[in-house]
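> I need the structure of the sequence given here:
(chains A and B)
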Amino acid sequence: MKKLAVGLLILVLFQWLGEWGVKALELNIPGQLLGMILLLIVLSVNKSLLPWLETTSSQLIRFIALLFVPITTGAFFLGPEIFEQLPQILAVLIISTLLAQWFMALVINKLRGSNGRDD
Amino acid sequence: MGAMTEMADMTTILLHQWQLLSTTSWPLLLTLAAFGIAWWTYNRSGRASLLHPLMVATPLIYFSMQTIDLDFAAYYSGNGILNWLLGPATVALAVPLSHQLRQLAGMFKPLTVALLLGGLFATLSALLLVKLFGLSDVVLLSLAAKSVTSPIALSIVEQIGGLRSLLAVATMVTGLAGIVMAKSIFHLTQLEDERWQGLILGVTAHAIGTAKAFESSPRCGAFATLGMGINGILTAIVLPASIGLFII
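So this is what the prediction gives:
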């Protein structure tokens, strides 16, 4: 329980640092993301924070779908203008995902072909 | 930048967070109950893609809201603590990512190339299709970040201006479509190496794809984590600066 709380506190502090950094430096990226990058840098230089963060981060990520329930429920209230475009929106999502997977697989096969088998 | 402005910035950030926490009230129970049912159903079904917890929980909540006559604004602000937790959850992604960065050492070049091209292609193809189908600009802004993991995607859409709820659904659909189609793609292109399969799942189907990759093997999951994390970071840096090119 103590680890969970300390871990959350560390995450929140990095989030604030990120949000504050983005404002102060007038960066055009999300503040939370800067917080994540800063934590990533700290963790790759020094691992001493890691034991405090393991529990909190794995629990947050495990139940991350829960955090998206309220915002996803909002989709039912998007209104007719969006609902009319829904079939095309679904088509965009499915086709672009299919194309991206196929394209990545081709690129990877190409890369492995030119470098020889990589193992 | 003076010390006063910095103090003011910090106060705004803290106030916003306090607002989210302090509005939390009983609609949170509705979310927790629906999610509990959805989580149980999902596990009971052997984790069938179409019974993803979000697919089950959200209609349950919608119909309950209709029954008890609760409007969305009240429901949403009542769930403030969950929205607040999205911030720390985004930062938390650094932990699994820091474990996997070691994997980069031996395959830095091919991995970077595949990641960059794949991430770019996933977003670009979606934006071009939106244009091709003649959809509105607000749809374009809402779909742009759809292949990025949800917490990062949500902060991107806030940045560029789009409908957060539409993005949330788009991300869910993308993830689910991704794991359903990936198997055939790997088969058709004869891509058998699970490390590369993981990378593709992470880049194109974010957290849902990563969870699927972990079901194959820890190694596959590790590469999915890497693909999801780095693609998220790159998209968050590139997209806000370049999205203007698609709005005419």
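> domain ranges for chain A?
A:1-75, A:78-119 (automatic domain parsing).
> point out the most buried one among those domains.
Highest mean neighbour count of those: domain A:1-75, a mean of 19 (counted as mean count of other CB atoms under 10 Å in any protein chain shown). Placement of C-beta: from N, CA and C, glycine included.
> in what helix or strand does residue A:35 lie?
helix A:31-45 (DSSP states H and E).
> for chain A, give me the ranges with low pLDDT.
Judged by pLDDT under 70, chain A has its weakly predicted residues at A:114-119.
> change it to 50
Counting by pLDDT under 50, the ranges of chain A that qualify are A:116, A:118-119.
> that one: helices as residue ranges?
With DSSP state H as the criterion, chain A has helices at A:2-24, A:31-45, A:50-62, A:64-67, A:69-73, A:80-84, A:86-115.
> how does chain B divide into domains?
Chain B is divided into the following domains under automatic domain parsing: B:3-89, B:94-246.
> deepest-packed of these, please.
When these are compared using mean count of other CB under 10 Å, domain B:94-246 is most buried, at a mean of 21.
> distance to residue B:61 for the domains of chain A - can I get that in a markdown table?
Formatted as a markdown table, the domains of chain A follow (distance: least, CB to CB, whole Å):
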| stretch | distance to residue B:61 |
| --- | --- |
| domain A:1-75 | 5 |
| domain A:78-119 | 15 |
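> just so I know, which of the ones you listed lies nearest residue B:45?
domain A:1-75 (14.9 Å; CB to CB).
> if we can go back for a sec, and the domains of chain A as TSV, adding distance to chain B?
Formatted as TSV, the domains of chain A follow (distance: least, CB to the nearest CB, whole Å):
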stretch	distance to chain B
domain A:1-75	3
domain A:78-119	4
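> do you know which of those lies nearest residue B:242?
Using CB to CB, the nearest of the domains of chain A to residue B:242 is domain A:1-75, at 10.3 Å.
> mind checking the end-to-end distance for the closest one?
From its first residue to its last, domain A:1-75 covers 35 Å (CA to CA, to the nearest Å).
> need the helices for chain B, in chain order.
Using DSSP H, helices in chain B cover B:3-22, B:27-44, B:53-68, B:72-78, B:80-92, B:94-100, B:108-132, B:137-143, B:150-160, B:164-188, B:194-216, B:218-242.
> averaged pLDDT, the last one. What do you get?
Across helix B:218-242, pLDDT averages out at 88.
> and for the third one?
For helix B:53-68, the mean per-residue pLDDT is 94.
> other SSEs contacting it?
If you count contacts as 3 or more CB pairs under 8 Å, 6 or more residues apart in numbering or on different chains; DSSP states H and E, helix B:53-68 packs onto helix A:64-67, helix A:69-73, helix B:27-44, helix B:72-78, helix B:164-188.
> repeat that for the second one.
Judged by 3+ CB pairs under 8 Å, 6+ apart, helix B:27-44 is in contact with helix A:64-67, helix A:69-73, helix B:53-68, helix B:72-78, helix B:80-92.
> C-alpha coordinates for it, CSV please?
C-alpha atoms of helix B:27-44 as CSV (Å, rounded to 0.1, in the frame of the first residue of the first chain):
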residue,chain,number,x,y,z
PRO,B,27,-21.5,8.4,-11.0
LEU,B,28,-18.1,6.8,-10.3
LEU,B,29,-19.9,3.9,-8.7
LEU,B,30,-21.9,3.4,-12.0
THR,B,31,-18.6,3.2,-13.9
LEU,B,32,-17.0,0.8,-11.4
ALA,B,33,-20.1,-1.5,-11.4
ALA,B,34,-20.3,-1.6,-15.2
PHE,B,35,-16.6,-2.1,-15.5
GLY,B,36,-16.8,-4.9,-13.0
ILE,B,37,-19.4,-6.7,-15.0
ALA,B,38,-17.5,-6.1,-18.3
TRP,B,39,-14.2,-7.3,-16.8
TRP,B,40,-15.9,-10.5,-15.5
THR,B,41,-17.6,-11.1,-18.9
TYR,B,42,-14.4,-10.5,-20.8
ASN,B,43,-12.4,-13.0,-18.7
ARG,B,44,-15.2,-15.5,-18.6
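> need the residues that contact stretch B:129-142.
Under the contact criterion CB atoms under 8 Å, 6 or more residues apart in numbering or on different chains, stretch B:129-142 has outside partners A:81-82, A:85, A:88-89, A:91-92, A:95-96, B:127, B:143, B:157, B:160-164, B:166-167, B:170, B:243, B:246-247.
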